[in-house]
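**Student:** What would the 3D arrangement of this be:
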Amino acid sequence: MINTSYKIIMKDKSQGFIKLLLSLIIVAALGVVAFVGIGSNNTGSLKDIKLGLDLAGGVSITYEAVKENPTKEEMADTVYKLQKRVDNYSTESAVYQEGGNRINVDIPGVTDANEILSQLGKAGALEFKDEAGKVLLNGADIKTAEAGVYQKQSMGNEYVVQLTLTQEGADKFNKATTANVGKKISIYYDKELISAPNVKEAIAGGKASISGQASFEEAQELASIIRIGALPLELKEIRSNIVGAKLGAEAIHTSLLAGVIGIIMVISFLIIVYRIPGLASSIALLFYVTIVLILLNVLDVTLTLPGVAGIVLSIGMAVDANVIIFTRIKEEIATGKTVKSSIKIGFHKALSAIIDGNVTTLIAAAVLWLMGSGTVKGFAQTLAIGIIVSMFTALTVTRFILNALFAIGLNKEGMYGTAKNIKTISFIRGRIGFFAFSIILILVGIGALVVNKRATGEILAYGLDFRGGTSTTVTFNEALPEGINTELTELVTGVIRDPGVEISQVKDSNAVIIKTKELTLDERTEISDKLVKEYKVDKDLITTESISGTVSDDMKKDAIMAVAVSTLCMLLYIWIRFKDIHFATSAVLALLHDVLVVLMVYAVSRITVNSTFIACMLTIVGYSINATIIIFDRIRENMKEKSSKVTIEEVVNNSITQTLTRCINTSLTTFIMVFVLFLFGVESIKEFAIPLMAGIVCGAYSSICITGILWATTKNRLSKRAVVD
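**Tutor:** Purely as a prediction, here's the structure:
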């Protein structure tokens, strides 16, 4: 009998070692694929992940059709021809339609951004006119166009565009030159005169040339645009963003550093607090990171700076599911169950809370994806990927590794921890204090909004996304001299002839932000050239963003709609899952509380409200509801088991006390990840991290001190009404 038991134990141990070894091999192999790639070309490696403009540097521009209600065919043709144009600058470029009359163009990795902007949106209309202004030929009569060089003895090289006409165009040109011998035929490109040669004799054969190009590259560019043809629609620029490659490289470096340090800190915390389960989840966390990186490649996701923040944030949130499971395991061990049985029951009891919590956060990500654009959409993609992978990792990978560690002999109760009997805290008794504290915070926020309105004319420090204009960030090569603000104000005012110039220095750096009215391309180029000339600034360290008032108004509407829609969807989900409208209304009131408190942080700190504001708010909404659902799940469970002598207040107090450690620990791990982002991230990431940290703390507070109490209050009032009736 003893021999049989020994054989079973040894068999379990050997299987456990095999499972553990297999897990480590898989994690290592996935790590090699994610960071190094596959095959001789290292396909699918970290360097193959498509980077957004804020990481790779480059140009992003949004055009709007001047024509009202353009047809689908006109928009499609314009997108096609713009794509052909931008392919000359970068094969990684992307052109896509947004809405009914807007087109976005992203060109990563380019250097001379202002030159690209000056050429890209031109209609590209080519016309040959006689002296009376009659159009003799146009771009449709051109078959091909090639750049060429003529060598002149006295004047050096002359750069031209050589044209080959269509058969119809050749006939037209022959007739036109025959009729205009001794006269000029002027050549216009986008209504601008570029050449006006005299016709010496009739020209047959379908050949012509355009002279006057400053360089061979300029001739090549014009030839390319002529070949592609004129754009069907006239476009106007409503938004543009130029990021230097060096700034992008710095953003990548700091974000990766923050991610690595954050993961090390979270893993250390898990192992110290949760011991063997913490070790299992740490291995699973490495699996999670490699899978996310591989999926970014496979799904061809463009990784942006907010996207990096989404990944780092989702790493913190990935720990959440594990903490829920491990807390359940500890509780089961405390009731006297074996460790093996406790692991099985712990995973089972944690399942509903994990699914509900993650689904609600996915709702926020889905709303961001559907209603957001650009970097916000990138944030939503990475957040959604992170949430889905984290659920799989926690429920499958962590369980597989934990069972393997148990099988090899790591099965003592002390290695898993035992839930301590904590005296039930009467949170209900402190409700007046909690409500008063929350009201004070909200009133402080309202007061800050009023003060801001009187001082600046705006309730919040709206960035370009919400008010329109142009922002130019300049990073100097050395420490900023005294009086730099005055000097830069004079420089910019001298170019734009407008006194409304705002200069602000970025804390702990050599960077300055210049905010002005919406500038034209010529004004932006002139300012950039003067900065390079007078201050020896590296052109790669100048970034420019320009947004029209139309886009900023749309952003405000999208922000309000995104929060409203996601909140409504979450309310419906909670109502359906918990079969109690009071759970849903309590959760939504707590969410409103969190949004108002974070708005207070924006108002008091004067952090810029830009496109990431929407992502920040919805992330906080998703994270807060996730924490709330854990408490509601425990209330639901305890309500099923309660006797008639147990009051609703007692159920709520017990439920909050039982989940208190979990709420604190998960908030702490997520806070660690965001705090590391704040410490090491670039300025735009810091502005994202500060309200997010406030939201994490506020979300934990409202989940513990507001939601359960609100539910108990509304439930008791309903019960009293039922008694009276």
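**Student:** Give the burial count for the residue nearest to residue 700 when sequence neighbours are not counted, as a bare number.
**Tutor:** Nearest residue to residue 700, sequence neighbours excluded (Cβ to Cβ, 6 or more residues apart in numbering): residue 667, at 4.0 Å. Placement of C-beta: from N, CA and C, glycine included. Applying other Cβ atoms under 10 Å, we find 22 other residues in the vicinity of residue 667.
**Student:** So residue 667 versus residue 343, what's the distance?
**Tutor:** The spacing between residue 667 and residue 343, counted by Cβ to Cβ, to the nearest Å, is 25 Å.
**Student:** same deal with residue 370?
**Tutor:** Distance check for residue 370 against residue 343: by Cβ to Cβ, it reads 39 Å.
**Student:** what about these two, which has more around it?
**Tutor:** Between residue 370 and residue 343, counting by other Cβ under 10 Å, residue 343 is the more crowded of the two (25 against 12).
**Student:** The more buried one and residue 160: what is the separation?
**Tutor:** 79 Å.
**Student:** same question, residue 350
**Tutor:** Computed with Cβ to Cβ, the distance linking residue 350 and residue 160 is 74 Å.
**Student:** Can you tell me the element the residue nearest to residue 700 falls in?
**Tutor:** Assigned by DSSP states H and E, residue 667 falls within helix 648-680.
**Student:** As a check, name the ranges of all helices in the stretch 151-300 of the chain.
**Tutor:** All helices of the stretch 151-300 of the chain, identified by DSSP state H, counting those that start in this stretch, fall at 167-179, 216-228, 245-298.
**Student:** Break this structure down into its structural domains.
**Tutor:** According to the domain assignment given by automatic domain parsing, the chain is divided into the following structural domains: 53-121+235-243, 126-228, 245-416+429-444+552-724, 469-547.
**Student:** Mean pLDDT for these - can I get that in TSV?
**Tutor:** Output for these, formatted as TSV (pLDDT from 0 to 100):
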stretch	mean pLDDT
domain 53-121+235-243	75
domain 126-228	81
domain 245-416+429-444+552-724	83
domain 469-547	79
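**Student:** what's the most buried one of these?
**Tutor:** Of all those, domain 245-416+429-444+552-724 carries the top mean neighbour count, a mean of 20, counting by mean count of other Cβ atoms under 10 Å.
**Student:** what sits against residue 279?
**Tutor:** 270-271, 405 (Cβ atoms under 8 Å, 6 or more residues apart in numbering).
**Student:** Could you measure from it over to residue 416?
**Tutor:** Using Cβ to Cβ, residue 279 is found at 11 Å from residue 416.
**Student:** cool, and residue 199?
**Tutor:** Applying Cβ to Cβ to residue 199 and residue 416 gives a distance of 94 Å.
**Student:** same check, this time on residue 189
**Tutor:** Residue 189 sits 76 Å away from residue 416, going by Cβ to Cβ.
**Student:** same thing with residue 264?
**Tutor:** Distance from residue 264 to residue 416, counting by Cβ to Cβ: 23 Å.
**Student:** can you check residue 28 too?
**Tutor:** For residue 28, the distance to residue 416 - Cβ to Cβ - is 26 Å.
**Student:** next one: residue 714
**Tutor:** Summarising the geometry, the distance separating residue 714 from residue 416, computed by Cβ to Cβ, is 38 Å.
**Student:** Also residue 542?
**Tutor:** Noted for residue 542: a distance of 56 Å to residue 416, by Cβ to Cβ.
**Student:** and if you look at residue 436?
**Tutor:** As it turns out, when the distance is counted by Cβ to Cβ, residue 436 lies 41 Å from residue 416.
**Student:** Strands of the stretch 351-500 of the chain, start to end?
**Tutor:** Read by DSSP state E, counting those that start in this stretch, the stretch 351-500 of the chain holds these strands, from start to end of the chain: 469-475.
**Student:** What segments of it are helices?
**Tutor:** With DSSP H, counting those that start in this stretch applied, the stretch 351-500 of the chain shows helices at 375-392, 398-407, 431-456, 464-467, 484-496, listed in chain order.
**Student:** Which of those sits closest to residue 334?
**Tutor:** helix 398-407 (17.7 Å; Cβ to Cβ).
**Student:** counting contacts, what elements does the closest one pack onto?
**Tutor:** Using 3 or more Cβ pairs under 8 Å, 6 or more residues apart in numbering; DSSP states H and E as the contact criterion, the secondary-structure elements in contact with helix 398-407 are helix 2-35, helix 245-298, helix 339-371.
**Student:** I'd like those helices written out as a markdown table, with distance to residue 164 added.
**Tutor:** Compiled in a markdown table, the helices and strands packed on helix 398-407 are given as follows (distance: least, Cβ to Cβ, whole Å):
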| stretch | distance to residue 164 |
| --- | --- |
| helix 2-35 | 50 |
| helix 245-298 | 38 |
| helix 339-371 | 47 |
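**Student:** Relative to residue 308, which of these is closest?
**Tutor:** With Cβ to Cβ as the yardstick, what comes closest out of the helices and strands packed on helix 398-407 is helix 245-298 (4.2 Å).
**Student:** Next, the angle helix 648-680 makes with that closest one.
**Tutor:** Interaxial angle of helix 245-298 relative to helix 648-680 (axes from the mean of the first three to the mean of the last three Cα atoms, to 10 degrees): 130 degrees.
**Student:** roughly how far out does helix 245-298 sit from the chain middle?
**Tutor:** In terms of Cα atoms, centre = their mean, to the nearest Å, the centre of helix 245-298 is found 18 Å from the chain centre.
**Student:** following it, which helix or strand comes up?
**Tutor:** Proceeding N to C from helix 245-298, the next assigned helix or strand is helix 305-334, under DSSP H and E.
**Student:** Please give me every residue in contact with residue 469.
**Tutor:** Residues near residue 469 by Cβ under 8 Å, 6+ apart: 515-518, 546-547.
**Student:** if you set the cut-off to 6 Å instead, what comes out?
**Tutor:** 517-518 (Cβ atoms under 6 Å, 6 or more residues apart in numbering).
**Student:** Likewise for residue 401?
**Tutor:** With contacts defined as Cβ under 6 Å, 6+ apart, residue 401 is in contact with 23, 280, 283-284.
**Student:** Would you map the strands across the stretch 1-150 of the chain?
**Tutor:** The residue ranges that make up the strands of the stretch 1-150 of the chain, judged by DSSP E, counting those that start in this stretch, are 58-65, 94-98, 102-108, 126-129, 135-138, 142-152.
**Student:** Figure out which of those strands is closest to residue 37.
**Tutor:** Of these, the one closest to residue 37 (Cβ to Cβ) turns out to be strand 102-108, at 20.1 Å.
**Student:** Pull the distance from that closest one to the chain's centre.
**Tutor:** Between the centre of strand 102-108 and the centre of its host chain there is 16 Å, according to Cα atoms, centre = their mean.
**Student:** quick one, it and strand 58-65 angle?
**Tutor:** Going by the same axes, to 10 degrees, strand 102-108 makes 170 degrees with strand 58-65.
**Student:** Mind giving me the packing neighbours of strand 102-108?
**Tutor:** Contacts defined by 3 or more Cβ pairs under 6 Å, 6 or more residues apart in numbering; DSSP states H and E place strand 102-108 against strand 58-65, helix 72-86, strand 94-98.
**Student:** Format the ones you listed as JSON lines; extra columns: distance to residue 624.
**Tutor:** Conversion of those to JSON lines gives the following (distance: least, Cβ to Cβ, whole Å):
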{"stretch": "strand 58-65", "distance to residue 624": "32"}
{"stretch": "helix 72-86", "distance to residue 624": "40"}
{"stretch": "strand 94-98", "distance to residue 624": "31"}
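**Student:** right, so of these, which gets closest to residue 473?
**Tutor:** Among the helices and strands packed on strand 102-108, the nearest to residue 473 by Cβ to Cβ is strand 58-65 (14.8 Å).
**Student:** Helix 375-392 and that closest one, what's the angle between them?
**Tutor:** Computed by the same axes, to 10 degrees, the angle separating strand 58-65 from helix 375-392 equals 120 degrees.
**Student:** which stretches of the stretch 551-700 of the chain form helices?
**Tutor:** Counting by DSSP H, counting those that start in this stretch, the stretch 551-700 of the chain has these helices, from start to end: 581-605, 611-641, 648-680, 683-702.
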